[in-house]
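>>> got a structure for you, letters missing:
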């Protein structure tokens, strides 16, 4: 690692800049007032399924989702 | 004289009417409007043609509807894709886009669609990914795949199973948004080691033309190395850095954010291209269905007229046989 001095707290906690900015964006969205707030929350929904492959074999896929599975 | 001619005609048609037709036994399950055929089939049954015409017409309706749906989805997503282009343009202005960079670990991110019936865009993406893989695998370099979308997965698992790192599917369940793409990008960053990421997608130029593109994002260490070497990235030192962070800090943040922005744009453009390709595929398929329907109608009319003529000649020959 190139820099060892004064790493910001979130990087030493293991987050990337992307996660950091997403959390900040989430905080900003929660500050909105009602009609805009639900629109903004709906813009934040995440759903996908990811599976790692090791040595040419797929592992079990995990689904990362904000909407609960029915 | 005419009577003799008709008698001759009658004799020619009589065997046709009374021939032992084994083919009929198999076809007896079809409707009774079927003609008797044998001794060299000269016409097909009208019922069969009518069934085909009905199914071709249904297919034409379905493909027309799919085209309309794709057109409306395209309209919605095209605006967002064009607006998202502004996200990565400052990055390219700052850090440059260097597809020819020579690094040890390449990761090829192939973006494809989950659903089919969208023309050839997925095949072109996979073709380019394979070509990139070939170019970049030398004695000391290696390249791995990260695949987004079912269609890319289906094609690449056939021959490159050992080079796949991650596969992500079911991306379009919700409306595409930046949060989802950034979570994907985060996953890739955390799970895959890379020196350079090459994102392969179809850039949307117009409804009928899609350009397969590669966007290159370098990891922060490589950016530092390139900046020592000079060139466009070497001008980074002329920028002032605020906030008490070191240059490598800033570069790391920038590289991650650049990856996320480029991915967002790539996913949106690919979705646009998918809808556009589906529109043109469905359009050409409805046109083909229309042509097929015309041809079938001609065959149907010909068959119908032939059967009427046959019946008439049978009647006439029967009548003339009675008289003569």
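Right, received. Where do you want to start? Predicted, not measured: the structure shown is a model, and the values here were computed from it.
>>> Quick check: residue B:184 vs chain A, distance?
7 Å (C-beta to the nearest C-beta, to the nearest Å). To be clear about C-beta, it is placed using only N, CA and C from the backbone, and glycine gets the same treatment.
>>> same thing with residue B:290?
On the measure of C-beta to the nearest C-beta, residue B:290 and chain A end up 39 Å apart.
>>> Can you say which helix or strand has that residue in it?
Assigned by DSSP states H and E, residue B:290 belongs to helix B:247-323.
>>> now that helix: mean pLDDT?
For helix B:247-323, mean pLDDT is 90.
>>> where do the strands sit along chain B?
With strands called from DSSP state E, chain B shows them at B:105-111, B:142-148, B:164-169, B:196-204, B:210-218.
>>> Run through who's touching the second one.
Just to be clear, that refers to strand B:142-148. B:104-112, B:129, B:132-133, B:136-137, B:153, B:156, B:160, B:163-169, B:171, B:184, B:188, B:192, B:267 (C-beta atoms under 8 Å, 6 or more residues apart in numbering or on different chains).
>>> Report the inter-axis angle for the helix holding residue B:290 versus strand B:142-148.
60 degrees (axes from the mean of the first three to the mean of the last three C-alpha atoms, to 10 degrees).
>>> how about the residues of chain A that lie near chain B?
Residues of chain A lying close to chain B (C-beta under 8 Å from any C-beta of the partner chain) are A:2-3, A:5-8, A:16-19, A:21-22, A:25, A:42-53, A:55-58, A:61, A:63-64, A:67.
>>> For PyMOL, write the selection for the buried entries among those.
Buried residues among these (16 or more other C-beta atoms under 10 Å in any protein chain shown), as a PyMOL selection:
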select buried, chain A and resi 16+17+18+19+21+22+25+44+46+47+48+50+51+52+53
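>>> The residues of chain A next to chain B in strands, which ones?
Those of these lying in strands (DSSP E): A:47, A:48, A:49, A:50, A:51, A:52, A:53, A:57, A:58, A:63, A:64.
>>> from these, which two are the most distant?
A:47 and A:57 (25.0 Å; C-beta to C-beta).
>>> any idea which residue sits dead centre in chain A?
Nearest to the geometric centre of chain A sits residue A:19, at 5.4 Å (C-alpha atoms, centre = their mean).
>>> List the contacts of that residue.
Shown in contact with residue A:19 (C-beta under 8 Å, 6+ apart): A:10, B:186.
>>> Likewise for residue B:170?
A:47, A:48, A:49, A:63, B:114.
>>> Among the residues you listed, which pair sits farthest apart?
Maximum distance among the contacts of residue B:170 (C-beta to C-beta): 14.1 Å, for A:63 and B:114.
>>> At the contact with chain A, which residues of the stretch 201-324 of chain B appear?
Within the stretch 201-324 of chain B, the positions near chain A by C-beta under 8 Å from any C-beta are B:220-221, B:224, B:244-246, B:248-249, B:252-253, B:256-257, B:259-260.
>>> Turn those residues into a markdown table, including distance to residue B:123.
Output for those, formatted as a markdown table (distance: C-beta to C-beta, whole Å):
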| residue | distance to residue B:123 |
| --- | --- |
| B:220 | 34 |
| B:221 | 35 |
| B:224 | 37 |
| B:244 | 50 |
| B:245 | 44 |
| B:246 | 45 |
| B:248 | 41 |
| B:249 | 42 |
| B:252 | 36 |
| B:253 | 37 |
| B:256 | 31 |
| B:257 | 32 |
| B:259 | 26 |
| B:260 | 27 |
